[in-house]
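Visitor: No sequence on hand, only this structure:
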Ligand SMILES: Nc1nc2c([nH]c(=O)n2[C@H]2C[C@H](O)[C@@H](COP(=O)(O)OP(=O)(O)OP(=O)(O)O)O2)c(=O)[nH]1
């Protein structure tokens, strides 16, 4: 089982940040909440802050737990843990994604989300 964290980042217009995995990554082309695998010795919060810095150049503060979902992909399984997250600073610079979008929960339905993320959308506090 791979433990993965995901950031639920909301702007002042109730839109959420989603990002598309770039070619070459696993699940390339799927949209997701930014985040990544928890490394040994890290808390989920530490992991999320590190990943957001590494993959988007954002300094963030991780807030409350939103929910989790276990998903079985072909060949591996993940526990995806979502946390409400605030951007403290940073000009966004993408390394693992080729696009980002700010979307409402309703609009998320028109994006091809990573399958593990779909049940999480229902848990987001609009
Ligand atoms: N960050 C993130 N990963 C997700 C989400 N949903 C989902 O299924 N995943 C999957 C994609 C990956 O298999 C795994 C996260 O790993 P990662 O993106 O940190 O992987 P990595 O940098 O090591 O790169 P890769 O080798 O998997 O391409 O979880 C999500 O919302 N956010």
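Guide: Received the coordinates, thanks. None of the values given here were measured: they were computed from a predicted structure.

Visitor: Can you report how many residues lie near residue 8?
Guide: 24 (other C-beta atoms under 10 Å). C-beta here means a position set from N, CA and C on the backbone, and glycine is covered the same way.

Visitor: where's it relative to the ligand, distance?
Guide: 10 Å (C-beta to the nearest ligand atom, to the nearest Å).

Visitor: ok, what's across the strand from that residue?
Guide: Applying DSSP bridges to residue 8 gives these bridge partners: residue 84.

Visitor: Equivalent analysis for the one 10 residues further on, please.
Guide: Judged by DSSP bridges, the bridge partners of residue 18 are residue 101.

Visitor: Might one say that it is in contact with residue 103?
Guide: Yes. With contact defined as C-beta atoms under 8 Å, residue 18 reaches residue 103; the gap is 6.0 Å.

Visitor: quick one: stretch 5-12 to chain centroid distance?
Guide: 7 Å (C-alpha atoms, centre = their mean, to the nearest Å).

Visitor: Close to the ligand: what parts of the protein are there?
Guide: 4, 6, 25-27, 32-33, 35-37, 78, 80, 114, 116-117 (C-beta under 6 Å from any ligand atom).

Visitor: just to revisit the earlier point, anything in contact with each of residue 18 and residue 103?
Guide: By C-beta atoms under 8 Å, 6 or more residues apart in numbering, residue 18 and residue 103 have these common neighbours: residue 111.

Visitor: Between those two, which has more neighbouring residues?
Guide: Of the pair residue 18 and residue 103, residue 18 is the one with more neighbours under other C-beta under 10 Å, namely 24 against 17.
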